[in-house]
Every structure is written in C-alpha cells, then in structure tokens.
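Give me a 3D structure for the following:
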Amino acid sequence: MTDDRNTPPALDPFARFRAATRARIGLGRAGDAAPLAARLDFQLAHAGARDAVHGRVDWDRLEAELPPWPSGRAVRVKSAAPDRDTYLRRPDLGRRLDPAGATLPAAGDWDLAVVIGDGLSAAAIQAWAAPVLAALLPLLPGWRLAPLVLAEQARVALGDPIGAALGARQVAVLIGERPGLTSADSLGIYLTWDPRPGRRDSERNCISNVHGAGLPPARAAAKLAWLAGAARRLGLTGIDLKEDADAALTAAPAAPTLLSSVSS
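Okay, here's the model as predicted:
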C-alpha cells in the first residue's frame, strides 16, 4: 500500500492548495483508507473540538485579564441550564436566565451592554474575549457602557433578557462558537438593537471566526464598534443593517476617527 502524502511536492497537484488553506484537501490514501498521518490529525482535531465543548471557562482568570471596565466590576450570571449536559441537550434553557441566580444591576441609561458567554467553546472565551474588549474600549469614546456581564452556560439569546434588564439600547454578546475540525477556539460576536426576549436571529448582526488563524481581535473590535455606531444612528440591527465596515475603515484616514463620527 502507498501513501499519496509522500508524493514529491513537484508531483503533488494539491501541494499549493494545502499551503493556502487549513482545510483538509488532497489527504492521499493508503490502499482504500486514509493515510495514518491524516487519520491521526483528524482524531486530534476531533478531540480538541470535544474538549472545547465540554470545557469550563476560568472566570476568575478571565476577569483578571479583562481591561478595567468604565462601570466597575463585572457581574456574573448563569442561564437556566443547571449543568453542561443539560445545556447541550436543552438549548432553550441556555437562552433564559436562572431565576435563582445573581441579581443584575438596576436598569440605567446605557448605550451598550456587553455580555461574555461561554457558549460552545470555553477555549475561545479564554483566549480572545479580553483582547477584543481591550481593543474595543478606545473605539467607543463617550459611550455609556453598562456593567459587564459574564454568563455561564450561555446561548446567544441570553443577551436579550440581560440587555433588557440593564436598560441598554443594544447588547453585544461575545460567545464561543461551535468548534470545527480546523479551529476549536473561534469566538463569535452578536449585536442586537433594543434587546428583549423573543428577538429573532435575523435581528442580530454577527462577527464570526475571531481566532488566531481567523479574524484578529483588533479587527473584530473595529467591526463591532462600526456596527454599534451604525445601529445607534439607524435604530436597528440584523438583516436591515448592511455591514460595510471594511470599506469604510479602509477609506478612512484613521479608524478611530471614523468610528467616533459614525457613533456620534
């Protein structure tokens, strides 16, 4: 049996494609099976994805790494899912706050609430939440930011009751995305105008694939600031808010100047 992965690069038609992507292409074969190296790589990636889904965020460490928040120390809450197994089986419980959990601060006059939720990848939150927020804060001068919320066993829609309880005009949820076989630590960001229970996914804007080999944290923060500014100006998010942040940021002489003008 032969392993096609041993084919010299000059004779391997997939070599140049593999150099340009993390996708599994041109894996070769050993008889009618995948070669050993490809099989082991797949198993390692699958194990990493499982670990990400079942992992737990070290909330104390994360809070210590977060930038100082304008409205003070973060608030910790939990969803109605009592444990990880229930969370995975019952997505609906991850969208509701635990009625017996921590009490959120009273509603205030906030431009934006930010929620950090573990979601389906604790590794993503541990790695990228703090860098994204550190890059975001300088891009929102003059914004009234609600107390930061750290949410355990969270789904995206958990941001809706949190944002409503805080009285925020919009809420941004930073959450671990479902891991794949090329990235187990991908962060997603979901922005919703006028958050309240019952909001549809079509009423949100999503920034996805924030990780080391994907969208850099600083770029994700710039996109979020642009979207939040446009949402505040137009009074909406979702399919009616077309995200052209890349073109706007490229055309601007300096990204912070553009973001300040959009957000005013």
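
any idea how far Pro141 lies from Pro67?
Per C-beta to C-beta, to the nearest Å, Pro141 is found 15 Å from Pro67. (Each C-beta comes from the backbone N, C-alpha and C, glycine too.)

Same drill for those two, tell me which one is more crowded.
Higher neighbour count among Pro141 and Pro67: Pro67, with 14 against 11, using other C-beta atoms under 10 Å.

which residues touch the more buried one?
Pro67 is in contact with 130, 133-134, 137, counting by C-beta atoms under 8 Å, 6 or more residues apart in numbering.

if you set the cut-off to 6 Å instead, what comes out?
Taking C-beta atoms under 6 Å, 6 or more residues apart in numbering, we find Pro67 in contact with 133-134, 137.

Would you mind giving those as a markdown table with secondary structure added?
What follows is those, written out as a markdown table (DSSP: H, G, I helix; E, B strand; the rest coil):
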| residue | secondary structure |
| --- | --- |
| Leu133 | helix |
| Ala134 | helix |
| Leu137 | helix |
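
what's the neighbour count on the closest residue in space to Pro147 that isn't next to it in sequence?
In space, and not counting its chain neighbours, Pro147 is closest to Ser71: 4.7 Å by C-beta to C-beta, 6 or more residues apart in numbering. Close neighbours of Ser71, defined as other C-beta under 10 Å, add up to 16.

before we move on, the earlier item: turn the contacts of Pro67 into TSV, including neighbour count, distance to Asp185 and pLDDT.
Putting the contacts of Pro67 into TSV (neighbours: other C-beta atoms under 10 Å; distance: C-beta to C-beta, whole Å; pLDDT from 0 to 100) gives the following:
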residue	neighbour count	distance to Asp185	pLDDT
Leu133	21	16	98
Ala134	16	17	97
Leu137	17	22	97
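
which stretches of this protein form strands?
75-78, 113-117, 149-152, 170-176, 187-193, 204-210 (DSSP state E).

Good, we can wrap up now.
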